[in-house]
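Novice: sequence unavailable; structure follows:
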């Protein structure tokens, strides 16, 4: 059952995404909101951590592995154009190390963790089914995010074309990340991560279709 504190976090997630959407939609305000993107992601990370049931060393070990793995796969992607394809990050996601935004590992954690929680909430008893369906959902999210993120200057693909390898690789990496989520056998989580996931779909989806 949700408590009052969790409803406050849910309201905050919705408000911040709504304000962010409006800010990005107003040309004069967009530079200000672009500068806030990494701080927004960091705040979402804090909210997700604070709402994890049975928070302890196990969760932080999991988070550290995912963050480092997410950064590593992006480092390989940037410098060897594999497995995702040939792309580069712009400055919207904040400070970079070796061409990779420092916040990117946290972004991988947010997305794969929240999808993991979503699949945890289903009645699927098969771990394999939860992982495969969850990975397909992450690919669907990426298909929504990619066009909008390019318009918002998050990153850029060579020849302005998103390769098929990006989505195939997203599926494979997502499978590995979700297997890691399942391996830690977290206690069933509340709805806060699911609200974050839904607002991400809406934020980027609306930007793609409206702006």
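Specialist: Received it, and whenever you're ready, just let me know what you need. The model shown is predicted, which means the values in this text are computed figures rather than measured ones.
Novice: can you report how many residues neighbour residue 210?
Specialist: Residues lying near residue 210 (other C-beta atoms under 10 Å) number 9. In short, each C-beta sits where N, CA and C put it, glycine included.
Novice: the residue lying farthest from the centre of the chain: what secondary structure?
Specialist: For the chain, the largest distance from the centre (C-alpha atoms, centre = their mean) belongs to residue 28, which lies 26.6 Å off. When classified by DSSP: H, G, I helix; E, B strand; the rest coil, residue 28 comes out as coil.
Novice: just the pLDDT for it.
Specialist: What the model reports for residue 28 is a pLDDT of 86.
Novice: run a quick neighbour tally on residue 97.
Specialist: Residues contacting residue 97 under the criterion other C-beta under 10 Å number 10.
Novice: ok, what's across the strand from it?
Specialist: Per DSSP bridges, the residues bridged to residue 97 are residue 100.
Novice: and the helices in this protein?
Specialist: Assigned by DSSP state H, the helices in the chain fall at 4-25, 30-35, 37-50, 57-80, 104-120, 127-151, 164-183, 192-210.
Novice: would you format the ones you listed as a markdown table with distance to residue 96 included?
Specialist: As requested, those are arranged in a markdown table below (distance: least, C-beta to C-beta, whole Å):
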| stretch | distance to residue 96 |
| --- | --- |
| helix 4-25 | 21 |
| helix 30-35 | 15 |
| helix 37-50 | 10 |
| helix 57-80 | 9 |
| helix 104-120 | 9 |
| helix 127-151 | 16 |
| helix 164-183 | 20 |
| helix 192-210 | 21 |
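Novice: isn't residue 54 up against residue 188?
Specialist: No. Counting by C-beta atoms under 8 Å, residue 54 does not reach residue 188; the two are 10.1 Å apart.
Novice: who's in contact with residue 13?
Specialist: Listed by C-beta atoms under 8 Å, 6 or more residues apart in numbering, the contact set of residue 13 reads 44, 47, 192, 195-196, 199.
Novice: looking at those, which one is closest to residue 136?
Specialist: Using C-beta to C-beta, residue 196 comes nearest to residue 136 of the contacts of residue 13, at 19.2 Å.
Novice: so what's the residue count around the closest one?
Specialist: As a burial measure, residue 196 scores 25 neighbours (other C-beta under 10 Å).
Novice: got the buried residues for stretch 146-161?
Specialist: 146, 148-150, 152, 154-155, 157 (16 or more other C-beta atoms under 10 Å).
Novice: again but with stretch 71-88, I slipped
Specialist: Across stretch 71-88, burial judged by 16+ other C-beta under 10 Å covers 71, 73-75, 77-78, 84-87.
Novice: now do the end-to-end distance for it.
Specialist: Using C-alpha to C-alpha, to the nearest Å, the end-to-end distance of stretch 71-88 comes to 14 Å.
Novice: quick one on the thing from earlier: now for the buried residues of stretch 71-88: which two are most distant?
Specialist: Most distant of those, by C-beta to C-beta, are 71 and 86, 18.9 Å apart.
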